[in-house]
Structure formats: C-alpha cells, structure tokens
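Colleague: what follows is a predicted protein model with its sequence.
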Amino acid sequence: MIKLFSVKQKQREDALNNNGRPIKKQSAGELRVQKDISELNLAKTISIHFPNGKDNLLNFEITIRPDEGYYQGGTFVFSFSISQVYPHEAPKVKCKTKVYHPNIDLEGNVCLNILREDWKPVLSINSIIYGLQYLFLDPNPDDPLNHEAAEVLRDNPRQFEQSVRRSMAGGYVGGTHFPRCI
C-alpha cells in the first residue's frame, strides 16, 4: 500500500532542500523532451547546444557539419522551439545559417515532411535530426522552398554544386549574399 503521508513528507523535504521555493512541475511536453534528449544518438557530425541553459529544454540548437555531399565542410545551425503540448504538435525548426538549399528558404524555413503533414506523436527529436541530416546528404528538388535552387539542382547538378560551394565560401548566388559557413 502506498503511504500517502510519506509521499507528502517527501515533497515537503524536497521543497525545503530547494531553499523553500516550490519545485516547478514539468509539463508532459517537457517530460517527453527530456526523454527524447536523453535518448539522442547523435552522429559525430552533429552537436546540441542549450543557449538558455540546460534548464530550458524546450529551446535548443542543433549544429550539423556534413562530412559528405554538396554541403561537406559546412556548419549549419538549427533552432528548435518546442511547445508545452509536444509531442502532439511538431517542434518549430528554423535554420539560423543562411544556406543555398532547395528545401530551406532564405528566411530559414525548413521543408521537411515530418515537421508538417507527416508529424506523429510517436516521432522524436532524433527523427527530426535524422531528417535534417538527410536534407544535406540528398536535397529534394521535388518539394522545394527555394524554387530557384531546386530548378538548378534538377537541371544542372554541376552548376548547383558550384553555387553551393560559392555560397558556403561567403559569396553571392543569384544576387543574394551568403555569409561564410565553412
């Protein structure tokens, strides 16, 4: 039998150990994010950073450094903003690095199906990170946000590769300047 009085006593002791301040209860979303983050299996080309401290798990950044493909050698930072109702709502993900990519527009919006119509609560932060990593290994010109980049990739992959290299080196592509990300 559960001893309710001992549970209440434990809660009081925990509060006292917290200098008398009440302990903030975590939402279901925060608990799920905590679980997802503890289960992350990051490749050596990916890192996670908590700019607001590790107490704020609902906002963090992922850095991807592709080691193959068009974007090899680049560094791309994505911000994750997760609502309290996660996993019932997909995280908001933005690319903070300006990149010439068919599936990422110049404002940092990301076209990844699991962030939109294919999101399901069984998916995790790890699923999104794998999806982002895959966008750099195999850009999809058939579902673009940057239509110009998608057209170049489809029609002239060699020119697309040159444009990616120029943009990552801090050059101009189609009149748009890209900061260096190599």
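Modeller: All right, it came through fine. Numbers count the residues shown, from 1 in each chain.
Colleague: just for this protein, where's the confidence low?
Modeller: For the chain, the stretches flagged by pLDDT under 70 are 1-24.
Colleague: residue ranges for the helices of it, please.
Modeller: 4-17, 28-38, 125-137, 147-155, 157-168 (DSSP state H).
Colleague: out of these, the one nearest residue 63 is which?
Modeller: Minimum separation from residue 63 across these (Cβ to Cβ) falls at helix 125-137, 10.6 Å. Placement of C-beta: from N, CA and C, glycine included.
Colleague: so which elements touch that closest one?
Modeller: The helices and strands touching helix 125-137, judged by 3 or more Cβ pairs under 8 Å, 6 or more residues apart in numbering; DSSP states H and E, are helix 28-38, strand 59-64, strand 76-81.
Colleague: now stretch 58-69, how far from the centre of its chain.
Modeller: Averaging C-alpha coordinates over stretch 58-69 and over its chain gives two centres that are 7 Å apart (Cα atoms, centre = their mean, to the nearest Å).
Colleague: same check on stretch 80-96?
Modeller: Taking Cα atoms, centre = their mean, one finds the center of stretch 80-96 at 9 Å from the center of the full chain.
Colleague: hang on, the earlier thing: need the helices and strands packed on helix 125-137 in CSV with distance to residue 182 and mean neighbour count, can you?
Modeller: As requested, the helices and strands packed on helix 125-137 are exported to CSV (distance: least, Cβ to Cβ, whole Å; neighbours: other Cβ atoms under 10 Å):
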stretch, distance to residue 182, mean neighbour count
helix 28-38, 28, 16
strand 59-64, 13, 18
strand 76-81, 11, 18
